[in-house]
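Engineer: Just to be clear, the model below is a prediction. Sequence and coordinates:
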Amino acid sequence: MKRFLYVIAVLVVTLLFSSCGTETVSIEDCEWKMRTVMRNNIDAVQNENDFVIVVGEADEVYPNAKIVELTLTAKEGKLIVTDVTNGKKYDGTYEVMKQTPNSIDYEVSIHGTKGYATVAPTEYYDGTEIPTLPINLGEYSLYFIPKESSNSN
């Protein structure tokens, strides 16, 4: 009986440790804030400072970028993108395409434009790691981080 209990205890501990760190963040788990909007067509950009066209807050790296506060929320297959700066809302949809232990890929449609998104952790140079949400929509890519995140990398 002791051997049986020992085997059960080892299995439980193994399962607990094997699941540590495998929690995947989904698009629904956060209210997201936009960090940058970038052009996808690099060849069309004349000046490298024009590659990033919109930022969520002032950024000396992108002095020509317009500042726009944009948030994204998701629930039950529906997206809402809110342009706080200009007082506009855009509806959309999302559907899971693929899930791995560290990421979830989505097919999205926002304001009639179809694209793809992924929620996955990003590790920065200082060792911090936060979930990120890049969305590729036609001519542009939008990059989101959790709204409560103060990481300024």
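Structural biologist: Alright, I've got the coordinates.
Engineer: now the helices for this structure?
Structural biologist: Using DSSP state H, the helices assigned to the chain run over residues 2-19.
Engineer: what residues are up against the spatially most central residue of it?
Structural biologist: Computing the C-alpha centroid of the chain and ranking residues by Cα atoms, centre = their mean puts Leu133 first, at 1.2 Å. For Leu133, the residues meeting the contact criterion (Cβ atoms under 8 Å, 6 or more residues apart in numbering) are Ile27, Cys30, Trp32, Leu72, Ala117, Thr118, Val119, Tyr143, Phe144, Ile145. All C-beta spots, glycine's among them, are computed from the backbone N, C-alpha and C.
Engineer: same thing but at 6 Å, please
Structural biologist: Listed by Cβ atoms under 6 Å, 6 or more residues apart in numbering, the contact set of Leu133 reads Trp32, Val119, Phe144.
Engineer: Who are the contact partners of the last one?
Structural biologist: Under the criterion of Cβ under 6 Å, 6+ apart, the neighbours of Phe144 are Trp32, Met34, Leu72, Leu133.
Engineer: now with 8 Å?
Structural biologist: Taking Cβ under 8 Å, 6+ apart as the contact definition, Phe144 lies against Trp32, Lys33, Met34, Arg35, Leu72, Thr132, Leu133, Pro134, Ile135.
Engineer: what pLDDT does the nearest residue to Lys98 once chain neighbours are set aside get?
Structural biologist: With Cβ to Cβ, 6 or more residues apart in numbering as the criterion, Lys98 has its nearest non-adjacent residue at 4.4 Å, and that residue is Asp105. Per-residue confidence for Asp105 comes out at a pLDDT of 97.
Engineer: Hmm, Asp105 is touching Gln99, no?
Structural biologist: Yes - judged on Cβ atoms under 8 Å, Asp105 makes contact with Gln99 at a distance of 7.5 Å.
Engineer: so what sits against both of the two?
Structural biologist: The overlap between the contact sets of Asp105 and Gln99 (Cβ under 8 Å, 6+ apart) is empty.
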